[in-house]
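> A predicted structure for the sequence below; I have some questions about it.
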Amino acid sequence: MIGGGRLRPTVCDALQRLLEGGNDLPSRRFAISRQTTASSGVSSTSSRVGFPPFPPPLSGSGNYDGEELVGKPEFTVADAILHLSARRISERELREFEVRKLRGSDFLMGRHAYRLSGDGVSVFPRLADPAEQGSPNLDGERISSGIEALDKMLAEGYWSGASTLIAGPSGCGKTLLGLHFIFGGARDGEPGLIATLQENPSQLERVVKSFDWSLEEDAVEVMYRSPVDIYIDQWFHELLERVERGGVRRVLIDSLDDLGFTTQDEVRFREYMYSLVQRCARNQVSLMMTLEVPDISRVTHLSDFNISHLADNVVLLQYVWSGAQVKRALTVLKARASALEPTVREFQIKPDGIVLGEELALGRDIG
């Protein structure tokens, strides 16, 4: 393994084979000690697959269960231990690894996703934004929602870097409100990214053209992924990379329902959403998210994901009954650090988009 006084990286796959014939503890310790001594005592890694964070002279892999990582001598002498596993999520398999040990170094705890492809191994570290990473920049300016009447309800629009949740039933205009936000920002010189899991680019182009917009605009980018073929860890990392690479200032996620569908781990989903909101706020990237609610009118419950508290602003869309007519209504439920107009306003969808109308009288108009 070692020639000419130079250390050469060596991988032992699988480590159990090296230790066969020495089932008693002293024999196993002797075999491991002999190998690590031959490698001049420099880092040895044991894991399900040889996957060291840096190239050590000796890297070993083995088929160990998670409970076996404690107590075996091979793990005592190892400087780094990475545990790889796979678990089933509906019809998909999620590959994950954990850093169980990294002698003399700090590391990000928790389960990290990885995928295998023709390019090798792609790793997507768990998103976790602790408080010490810094607080959001509070010196931002007001930005337009893309709808002048809504800006007045928000007292001059949203704060830059703020997160906004648009909630409402199917067909009520959530995506259209988000498109106003993106294309209004593009006109003001703020590049936007539409992260859609509902309409593919062709379908979305047909929608935006009906309101005299175009996805061909230089300041607008589309990131489409099918919700049946994405991994949430990979999706979040790709979103953040495209925001940074394109100098994006506004992001629309359409929708959180589809994104949450990709994982059955609600805690992990809320953790990722918290980290995304915090990263966008720190970098003055304004975030808008759509969310479908089951109630058509008289909405009493926003989400099973419990993420509405993460948003700086919450705008509720709903249907209301006025006699034999069904109308669309908009209410600003929450606007953090802003004065707001907490009224129920009728709105219509016209060729130039959403047009806000008069205030609706709660006792008479809404049924």
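Yep, it's here.

> Please tell me the pLDDT value assigned to the most centrally placed residue in the chain.
With distances taken as CA atoms, centre = their mean, the chain has Phe236 as the residue nearest its mean C-alpha position (3.5 Å). What the model reports as pLDDT for Phe236 is 95.

> As CSV, could you dump the C-alpha coordinates of the helix or strand harbouring it?
Here Phe236, judged by DSSP states H and E, is contained in helix 232-246. The C-alpha trace of helix 232-246 is given here as CSV (Å, rounded to 0.1, in the frame of the first residue of the first chain):
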residue,chain,number,x,y,z
ILE,A,232,-37.2,18.1,-1.9
ASP,A,233,-33.5,18.5,-0.8
GLN,A,234,-32.3,18.7,-4.3
TRP,A,235,-35.1,21.1,-5.3
PHE,A,236,-34.3,23.6,-2.5
HIS,A,237,-30.6,23.6,-3.4
GLU,A,238,-31.3,24.1,-7.1
LEU,A,239,-33.6,27.0,-6.3
LEU,A,240,-31.0,28.7,-4.2
GLU,A,241,-28.3,28.2,-6.8
ARG,A,242,-30.5,29.7,-9.5
VAL,A,243,-31.3,32.7,-7.3
GLU,A,244,-27.7,33.4,-6.7
ARG,A,245,-26.5,32.7,-10.2
GLY,A,246,-29.2,34.9,-11.9
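
> Give me the contacts around it.
Residues outside helix 232-246 that contact it (CB atoms under 8 Å, 6 or more residues apart in numbering) are 112-113, 115, 122, 124-127, 191, 193, 195, 221, 223, 225, 248, 251, 259, 262-263, 268-269, 272, 275-276, 279-280, 283, 285. C-betas here are computed from N, CA, C, even on glycine.

> What is the helix or strand containing Arg206 packed up against?
Under the criterion of DSSP H and E, Arg206 resides in helix 201-209. Applying 3 or more CB pairs under 8 Å, 6 or more residues apart in numbering; DSSP states H and E, one finds that helix 201-209 contacts helix 174-187, strand 220-224.

> so what's Leu94 up against?
Leu94 makes contact with Ala86, Arg87, Arg88, Ala113, Tyr231, according to CB under 8 Å, 6+ apart.

> and the direction of the helix holding Arg206 versus that of helix 174-187, what angle?
Computed by axes from the mean of the first three to the mean of the last three CA atoms, to 10 degrees, the angle separating helix 201-209 from helix 174-187 equals 80 degrees.

> I'd like the distance from helix 201-209 to the chain centre, please.
Distance, stretch centre to chain centre, for helix 201-209: 24 Å (CA atoms, centre = their mean, to the nearest Å).

> Please enumerate residues in contact with that helix?
Identification of contacts with helix 201-209 by CB under 8 Å, 6+ apart yields Thr175, Leu176, Leu179, Phe183, Ile194, Thr196, Glu199, Ser214, Leu215, Val222, Tyr224.

> Now tabulate those in a markdown table and tack on neighbour count, distance to Leu302 and pLDDT.
Shown next, in a markdown table, are these (neighbours: other CB atoms under 10 Å; distance: CB to CB, whole Å; pLDDT from 0 to 100):
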| residue | neighbour count | distance to Leu302 | pLDDT |
| --- | --- | --- | --- |
| Thr175 | 21 | 17 | 97 |
| Leu176 | 21 | 19 | 98 |
| Leu179 | 25 | 21 | 98 |
| Phe183 | 24 | 26 | 98 |
| Ile194 | 26 | 22 | 98 |
| Thr196 | 22 | 21 | 97 |
| Glu199 | 17 | 23 | 92 |
| Ser214 | 11 | 33 | 97 |
| Leu215 | 16 | 30 | 97 |
| Val222 | 18 | 27 | 98 |
| Tyr224 | 15 | 26 | 97 |
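
> ok, these vs Leu150, which is closest?
Leu176 (12.1 Å; CB to CB).

> Which residue, neighbours along the chain excluded, lies closest to the closest one?
Nearest non-adjacent residue to Leu176, counting by CB to CB, 6 or more residues apart in numbering: Ile354, 6.0 Å away.

> what's the answer for Asp212, then?
Nearest non-adjacent residue to Asp212 (CB to CB, 6+ apart): Asp352, at 7.1 Å.

> Buried ones only from the contacts of Leu94, please, as a PyMOL command.
Restricted to buried positions by 16 or more other CB atoms under 10 Å, the PyMOL selection for the contacts of Leu94 reads:
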select buried, resi 113+231
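
> hmm, which two among the contacts of Leu94 are most spread apart?
Greatest spatial distance among those (CB to CB): Arg88 and Ala113, at 14.2 Å.

> which residues of this structure score low on pLDDT?
Residue ranges of the chain with pLDDT under 70: 1-8, 14-72, 74, 130-139, 304, 362-367.

> the inter-axis angle of the helix ranked longest in it versus helix 232-246?
In the chain, with assignment by DSSP state H, the single longest helix is helix 266-282. Put simply, helix 266-282 runs at 10 degrees to helix 232-246, going by the same axes, to 10 degrees.
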